[in-house]
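S.K.: pasting a predicted model and its sequence here:
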Amino acid sequence: MVKVEFLGPIGKSPVEVDASTLADVAEILRRDPEVARWLEQSAVAVNDKMVETLDVKLKSGDRVSLLPPVCGG
Amino acid sequence: MVKVEFLGPIGKSPVEVDASTLADVAEILRRDPEVARWLEQSAVAVNDKMVETLDVKLKSGDRVSLLPPVCGG
Amino acid sequence: MVLIYRGPIEVEALLSRWYGAERNGNYGAMVSFVGTVREEGGIEALSFDIYRPLLDKWFEGWRERLAEKGALLAMAHSEGDVPVHTSSFACAIFSPKRRLALEMLDAFVEDFKANAPIWKYDVIGGKRIYAAERSTPMAGSGLLAKG
Amino acid sequence: MVLIYRGPIEVEALLSRWYGAERNGNYGAMVSFVGTVREEGGIEALSFDIYRPLLDKWFEGWRERLAEKGALLAMAHSEGDVPVHTSSFACAIFSPKRRLALEMLDAFVEDFKANAPIWKYDVIGGKRIYAAERSTPMAGSGLLAKG
């Protein structure tokens, strides 16, 4: 299982999903209305590394993080 | 009499000169070899106000300051 | 590593510490920036969430980039509530050259605003409200909305 | 007015004082610069002469220019000997906007180098040697050589 965590203001507890690529994760999250509205404006990290393609392979124990718009300072 | 003071590294004590314009002061100072070599690279203030012309009128008690190249910081 | 304060930064102690630690490093120039919470829009405080693992990675990238230019970078940020007129962000660059330090500080803070994984909330009437309209989507946002 | 120190600036106390005095001014951004004497060329110290009346006039001109933009300027400088690894120059700008503060700091220090009536000497073997080759003629120099 892959763990998906929602950072900052998304304010949702982590979920475990069955996914072998990031594209699978995208498909699952698009079905959750509470999360779907954040997808357009969120960046994504896998195991704390920023990713820019849906082709990323995932294995059990991997961690996917959703990062909504930021504002430090 | 007009007082002429030599700031920073010129290292010369003030002198009193008889002058009615800054052009008079220039003429007097050009005759002093110790001072002459600083004139090309020095700016001038009259009564603590920077001046940019030799036409400045002077009266007794006025103070002319020579400011050689600076380097603060 | 980014220095994280729970609540406001103790700016006086921090600047003293940075200056004291680096003045023997023969750098010549120290340029620092401190961001203080302004009283505006009826807020009592700002509040911050930080995702530390990515913040540290992002910061170490900048530290290395500056080290290649002979400069040293330091940064502190608050987590949780930071009342108005107290400070949430501080950074300093130590460099042999002032101009370089100022330029790098500007570029660093610019990228910080766009890509440091920190989320800001206004605190009004004791409630924490996400500062959505002042926030910036990070580079690569929207990936999971595709396909 | 410029704060003049006889010898090195007490940087920690000065930055604390500036920060403490201005953090309630609702400025949002404090950008500061500290110049520390580097160990190079076999010097023991730098030494400075200052012509205070003109330095204060020059500084007040800048202070007013920045006040028109809603920013506050503070500056300190040393007179006399400043040993290596101690500091001779510090300035800070308080502003609602960081970018503006950084740009103004750069412009201010640039003009400071060219037009503040301060003279620098290297101290080597106890002797004070005018730093002629690092010095800049002020605007309007050469007037008395004309005619």
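M.R.: Done, it's in.
S.K.: only C-alpha atoms for contact and neighbour calcs from this point on.
M.R.: OK.
S.K.: near residue 72, how many other residues are there?
M.R.: This is for chain A. A count of neighbours around A:Gly72, defined by other C-alpha atoms under 10 Å in any protein chain shown, yields 23.
S.K.: actually chain C
M.R.: Burial measure for C:Leu72: 22 neighbouring residues, criterion other C-alpha under 10 Å.
S.K.: look up the closest residue to it, ignoring the ones flanking it.
M.R.: Nearest residue to C:Leu72 in three dimensions, chain neighbours excluded: C:Phe94, at 5.0 Å (C-alpha to C-alpha, 6 or more residues apart in numbering or on different chains).
S.K.: give me the element the one you found is part of.
M.R.: Remark: C:Phe94 resides in strand C:87-95, with elements defined by DSSP states H and E.
S.K.: tell me the pLDDT at the residue nearest to C:Leu72?
M.R.: Note for C:Phe94: predicted pLDDT of 95.
S.K.: for it, what are its contacts?
M.R.: If you count contacts by C-alpha atoms under 8 Å, 6 or more residues apart in numbering or on different chains, C:Phe94 has them with C:Glu22, C:Tyr27, C:Gly28, C:Ala29, C:Met30, C:Val31, C:Ala71, C:Leu72, C:Leu73, C:Ala101.
S.K.: with A:Leu29 instead?
M.R.: A:Leu29 makes contact with A:Val35, A:Ala36 under the criterion C-alpha under 8 Å, 6+ apart.
S.K.: that one should be in a helix, yeah?
M.R.: Yes: judged by DSSP: H, G, I helix; E, B strand; the rest coil, A:Leu29 forms part of a helix.
S.K.: near chain C, which residues of chain A?
M.R.: Proximity of chain A to chain C is confined to A:7-9, A:22-23, A:25-27, A:30, A:36, A:39-44, A:48-49, A:51-54, A:67-73 under the rule C-alpha under 8 Å from any C-alpha of the partner chain.
S.K.: which residues does the residue nearest to C:Tyr121 when sequence neighbours are not counted contact?
M.R.: Distance criterion C-alpha to C-alpha, 6+ apart; nearest residue to C:Tyr121, sequence neighbours excluded, is C:Tyr130 at 4.3 Å. For C:Tyr130, the set of contacting residues under the criterion of C-alpha under 8 Å, 6+ apart consists of A:Pro9, C:Trp119, C:Lys120, C:Tyr121, C:Asp122.
S.K.: let's have those residues in JSON lines, adding secondary structure.
M.R.: Formatted as JSON lines, the contacts of C:Tyr130 follow (three-state DSSP):
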{"residue": "A:Pro9", "secondary structure": "helix"}
{"residue": "C:Trp119", "secondary structure": "strand"}
{"residue": "C:Lys120", "secondary structure": "strand"}
{"residue": "C:Tyr121", "secondary structure": "strand"}
{"residue": "C:Asp122", "secondary structure": "strand"}
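S.K.: and those as TSV, adding neighbour count?
M.R.: Converted to TSV, those look like this (neighbours: other C-alpha atoms under 10 Å in any protein chain shown):
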residue	neighbour count
A:Pro9	20
C:Trp119	26
C:Lys120	27
C:Tyr121	24
C:Asp122	22
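S.K.: can I get the residues you listed in CSV with pLDDT?
M.R.: CSV is the format used below for these (pLDDT from 0 to 100):
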residue, pLDDT
A:Pro9, 98
C:Trp119, 98
C:Lys120, 98
C:Tyr121, 98
C:Asp122, 98
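S.K.: and these as CSV, adding distance to D:Leu14?
M.R.: Below are the contacts of C:Tyr130 laid out as CSV (distance: C-alpha to C-alpha, whole Å):
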residue, distance to D:Leu14
A:Pro9, 39
C:Trp119, 32
C:Lys120, 31
C:Tyr121, 32
C:Asp122, 32
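S.K.: helices along the chain, start to end?
M.R.: Went with chain A since none was named. Using DSSP state H, the helices found in chain A span residues A:22-30, A:33-39.
S.K.: can you look at chain C instead?
M.R.: If DSSP H is used as the criterion, the helices of chain C fall at C:11-22, C:52-68, C:98-115.
S.K.: could those be laid out in a markdown table, adding mean pLDDT?
M.R.: Formatted as a markdown table, those follow (pLDDT from 0 to 100):
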| stretch | mean pLDDT |
| --- | --- |
| helix C:11-22 | 92 |
| helix C:52-68 | 97 |
| helix C:98-115 | 92 |
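S.K.: isn't C:Ala74 right up against C:Val2?
M.R.: Yes: under the criterion of C-alpha atoms under 8 Å, C:Ala74 makes contact with C:Val2 at 7.3 Å.
S.K.: buried set for stretch C:21-30?
M.R.: C:Glu22, C:Arg23, C:Asn24, C:Gly25, C:Asn26, C:Tyr27, C:Gly28, C:Ala29, C:Met30 (16 or more other C-alpha atoms under 10 Å in any protein chain shown).
S.K.: I figured the last one hits C:Ala92, correct?
M.R.: Yes: in terms of C-alpha under 8 Å, C:Met30 counts as a neighbour of C:Ala92; the distance is 6.7 Å.
S.K.: what sits opposite A:Ala43 in the beta ladder?
M.R.: In this entry, A:Ala43 is beta-bridged to A:Leu67, by DSSP bridges.
S.K.: could you list the residues in contact with the longest strand seen in chain C?
M.R.: When chain C is scanned for its longest strand (criterion: DSSP state E), the result is strand C:72-83. Contacts of strand C:72-83 from elsewhere in the structure, counted by C-alpha under 8 Å, 6+ apart, are A:73, C:2-9, C:18, C:37, C:44-50, C:62-63, C:66-67, C:87-95, C:123.
S.K.: for that strand, give the mean pLDDT please.
M.R.: Here the mean pLDDT over strand C:72-83 is 98, rounded to a whole number.
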